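1. Attaching a predicted model along with its sequence, questions to come.
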Amino acid sequence: MRNRKLQMLCEGAILVALAQILSMLKLWEMPWGGSITLGMLPIFLFAVRWGTRWGLVAGFAYGLLQVMFDGGFAISWQSILGDYLVAFTVLGLAGLGRGREKGIFLGTVLGGAARFVVHWVVGATVWAMYMPDAFFGMTMTSPWLYSLLYSGLPAQMRRLCARARTITPNLTEAAFLLDRPYPGEHYDRTLIGDYCRGLLDLSAENVIITDVSFSPEETGIAILSRSSQQNEPEFLFRSKFDGVFHGTGDVFASFALAGLLQDMPLKPAAERALDLTHESIEWTLREGQPLRYGVQFERVLKKL
């Protein structure tokens, strides 16, 4: 009995250490924390072999190592507790597959699902303050939906961008596509240029980053084309309105697409799209339409 417990402790130490090593070999890392690695597999194996109780202990030890050595990305003690200690501890629920046929597969599903639920809850509560107004063309009103989408959508959008000729992300979406932290209001032209070049590396031909602003009075766009002789983006700005206007990114992209389909060069198409989007907001405010209905783009369609 004593030798068996010693064997269990030795195996646990080895597999937790292996899990930590594998976790450092990131296949993909997200801008606000989170990554894809093979680090969970040793914990699953240990839990299925020795049961749920010791699996939870191993998961907790693995979570501690993540905080200590993996540069734990957290904004508060709640996110450390949720995204690391609790999220990695529940990997031990894979031990529920012990003694069952194909127990390792059942355990992997249970442990992985439990960790996903923890991250989902933490993302919708602790990280809710970082939810953008729009996320890849969708207006974000529910932190639960945003937390659910955060895990997988950027990777899929990155694949689509590789097949697109022109992409028009806002600054938040550009950060997600590039796996970089959202810069907030503290950025300059150098950073935007770096973002534009990074987005071109996704294989798109043209990049237009929207919602770019270097002053409280103006907002605009940054334009960069792969065929441009210069490697720096051009900037266009218009006066900034107070308030949040949902759907303007989609409206701008539609206006820009209309110009490109009319064989307009990129910059004139983008400039007209910016003017028409600006005018759509003006119509919305002039007529007092509730902002939840979006902007009155119909008023300017005749100018396309």
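-> On my side now, so go ahead.
2. from the chain's centre, how far out does the longest strand along the chain sit?
-> Longest strand in the chain by number of residues, with DSSP state E as the criterion: strand 206-215. Taking Cα atoms, centre = their mean, to the nearest Å, one finds the center of strand 206-215 at 18 Å from the center of the full chain.
3. Also stretch 203-222?
-> What separates the centre of stretch 203-222 from the centre of its chain is 19 Å, taken as Cα atoms, centre = their mean.
4. first vs last residue of that stretch, how far apart are they?
-> Start to finish, the residues bounding stretch 203-222 are 18 Å apart (Cα to Cα, to the nearest Å).
5. Let the chain start at 17 from now.
-> Sure, I'll start counting at 17 from here, so that last one is stretch 219-238.
6. Just list what the longest strand of the chain packs against, helices and strands only.
-> strand 182-183, helix 187-193, helix 205-216, strand 234-241, helix 264-277, helix 282-302 (3 or more Cβ pairs under 8 Å, 6 or more residues apart in numbering; DSSP states H and E). C-beta here means a position set from N, CA and C on the backbone, and glycine is covered the same way.
7. which residues touch the longest one?
-> Residues external to helix 282-302 that are found in contact with it (Cβ atoms under 8 Å, 6 or more residues apart in numbering): 182, 222, 224, 236-237, 239, 241, 250, 252, 254-255, 257, 259, 261, 264, 267-269, 271-272, 274-276, 278, 280, 307, 310-313, 315-316, 319-320.
8. Any of the residues you listed buried? List them.
-> For the contacts of helix 282-302, a neighbour count by 16 or more other Cβ atoms under 10 Å gives the buried set as 182, 222, 224, 236-237, 239, 241, 250, 252, 254, 261, 264, 267-269, 271-272, 274-276, 280, 310-313, 315-316.
9. most packed of the helices and strands packed on strand 222-231?
-> Comparing the helices and strands packed on strand 222-231 on average neighbours per residue, with mean count of other Cβ atoms under 10 Å, the densest one is helix 187-193 at a mean of 23.
10. Which pLDDT does the model give V142?
-> The per-residue pLDDT reported for V142 equals 78.
11. repeat for the one 5 residues further on
-> Predicted confidence (pLDDT) at M147: the value is 70.
12. what about it, neighbour count?
-> As a burial measure, the neighbour count of M147 was computed by other Cβ atoms under 10 Å and equals 19.
13. same thing with the one 10 residues further on?
-> In terms of burial, T157 registers 11 neighbours under the definition other Cβ under 10 Å.
14. show me what contacts R116?
-> Applying Cβ under 8 Å, 6+ apart, the residues contacting R116 are L122.
15. wait, is it part of a strand?
-> No. Assignment of R116 by DSSP: H, G, I helix; E, B strand; the rest coil gives coil, placing it outside any strand.
16. What does it show for phi and psi?
-> Backbone dihedrals for R116, given as degrees, to the nearest 10, come out at phi -100, psi 160.
17. how far away is it from I183?
-> Computed as Cβ to Cβ, to the nearest Å, the R116 to I183 distance reads 47 Å.
18. Find me the pLDDT at the closest residue to L320 other than its chain neighbours, would you?
-> Of all residues beyond its chain neighbours, the one nearest L320 is A274 (5.0 Å), with distances taken as Cβ to Cβ, 6 or more residues apart in numbering. pLDDT for A274: 95.
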